[in-house]
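Enquirer: Any chance you could fold what I've pasted below:
(one chain, ligands or ions: 1)
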Amino acid sequence: MIWDTLTSGQLAQVDKNIPVLLPLAATEQHGPHLPIATDRLIGEHFAKMLNMEINDSILILPAVSIGCSDHHIEFPGTLSLKHTTFLTVVKDIIASVFHHGFYKIILFNSHGGNQGIGQVILEQLGNEYPKAHFVTVTWWVLARESLEKITETGVGGTGHACEFETSLIQLIAPELVHTGLIQKGANAPTFTWAEGDMLHGAKASYYRNMKTMTSNGIFGNPFAASAEKGKRITTCVIDSLKQVVSDLTSIQK
Ligand SMILES: [Zn+2]
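Expert: So this is what the prediction gives:
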């Protein structure tokens, strides 16, 4: 079910055992070829597909469209919330959800810059609402095992406006992809211990803003993208998410 398409009366009738999913996204540059809304479009796409596949046995909240993107701010069009603002926004939304009696929450993230604060939010909410159930999940981490079978670009091929994100926007909103402007990411190498991508976690975090990390705003190789690959990525992510939802649903109050 989609939270804001229901009437207030319909929402009051929904079983409070149902998991409630909040998409956490971003509004930021995605290279010369993808729209600024990329992370929101991807998060909402997965949420809607999941809802369809499991026959409305989840409640999808409106996305938090602006995330923590200070590291992208040098690129035109990027909007950003400070970590403390983002934390307050997410926690206030969840407090409203609790007010209506729901107590199983999935924070579904589609932006790398929300991962650190997402963990802090999870720990704070868990301590403040000990009887509730919280999950934070980032799609490419959740589905990593099956996504490894899809990628064709090796270490450094997936990251930002990359093989995966470009494939997904080609599937979701092909009219928003500027195919002629696709370039390989200008990934600037640093140290072996600091190198990583969506599928290969770095051994240590070495801070660089996006402009330093990649001058064209792309990290990875979008030339390997296709809408067909976007479909396969979607299947991997939805299958993994279904397991999370089913496990959360089975928890008795
Ligand atoms: Zn993105």
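Enquirer: other SSEs contacting the helix or strand hosting F46?
Expert: Assigned by DSSP states H and E, F46 belongs to helix 38-53. When contacts are defined as 3 or more C-beta pairs under 8 Å, 6 or more residues apart in numbering; DSSP states H and E, helix 38-53 sits against strand 20-24, strand 59-60, strand 104-109, helix 139-142, helix 163-172, helix 227-250. No exception for glycine: its C-beta is placed from N, CA and C like everyone else's.
Enquirer: CA atoms only for the fourth one, dumped as CSV, please.
Expert: Spelled out, it's helix 139-142. Taking Å, rounded to 0.1, in the frame of the first residue of the first chain, the C-alpha atoms of helix 139-142 are listed here in CSV:
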residue,chain,number,x,y,z
TRP,A,139,19.9,-1.7,-1.7
TRP,A,140,23.3,-2.5,-3.2
VAL,A,141,24.5,-3.9,0.2
LEU,A,142,21.4,-6.0,0.8
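Enquirer: Does anything pack onto it? Which helices or strands?
Expert: Helix 139-142 sits against helix 38-53, helix 227-250, with contacts defined as 3+ C-beta pairs under 8 Å, 6+ apart.
Enquirer: at 10 Å what do you get?
Expert: helix 38-53, strand 104-109, helix 144-147, helix 163-172, helix 227-250 (3 or more C-beta pairs under 10 Å, 6 or more residues apart in numbering; DSSP states H and E).
Enquirer: and if you look at the shortest one?
Expert: Contact here means 3+ C-beta pairs under 10 Å, 6+ apart; on that basis strand 59-60 packs against strand 20-24, helix 38-53, strand 104-109.
Enquirer: re the thing from before, closest one to the ion among the helices and strands packed on helix 38-53?
Expert: helix 163-172 (5.0 Å; C-beta to the ion).
Enquirer: Next secondary structure element downstream of that closest one?
Expert: Past helix 163-172, the next helix or strand by DSSP H and E is helix 210-213.
Enquirer: Residues in contact with that following helix: which ones?
Expert: For helix 210-213, contacts defined as C-beta atoms under 10 Å, 6 or more residues apart in numbering pick out 28-29, 69-75, 78, 113, 159-160, 185-188, 190, 206-207, 216-219.
Enquirer: Mark which of these are buried, thanks.
Expert: Listed as buried from the contacts of helix 210-213 are 28-29, 69, 71-73, 75, 78, 113, 159-160, 185, 187, 216-219; burial here means 16 or more other C-beta atoms under 10 Å.
Enquirer: Same list (the helices and strands packed on helix 139-142) but as CSV, adding mean pLDDT and distance to the ion.
Expert: Below are the helices and strands packed on helix 139-142 laid out as CSV (pLDDT from 0 to 100; distance: least, C-beta to the ion, whole Å):
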stretch, mean pLDDT, distance to the ion
helix 38-53, 98, 4
strand 104-109, 98, 11
helix 144-147, 97, 15
helix 163-172, 98, 5
helix 227-250, 98, 13
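Enquirer: Which of the helices and strands in the protein ranks last by mean pLDDT?
Expert: helix 210-213 (a mean of 94; mean pLDDT, DSSP states H and E).
Enquirer: how about that helix as PDB, C-alpha atoms only?
Expert: Extracted C-alpha coordinates of helix 210-213, given in PDB (Å, rounded to 0.1, in the frame of the first residue of the first chain):
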ATOM      1  CA  MET A 210      33.000  14.100  -5.200                       C
ATOM      2  CA  LYS A 211      34.900  16.700  -7.200                       C
ATOM      3  CA  THR A 212      38.200  15.300  -5.900                       C
ATOM      4  CA  MET A 213      37.100  11.700  -6.300                       C
END
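Enquirer: Quick check: buried residues in that helix?
Expert: M210, K211, M213.
Enquirer: Kindly report the same for stretch 141-151.
Expert: By 16+ other C-beta under 10 Å, the buried positions in stretch 141-151 come out as V141, L142, A143, R144, L147, I150, T151.
Enquirer: and if you look at stretch 110-122?
Expert: So stretch 110-122, judged by 16+ other C-beta under 10 Å, has buried residues S110, H111, G112, G113, N114, I117, G118, I121, L122.
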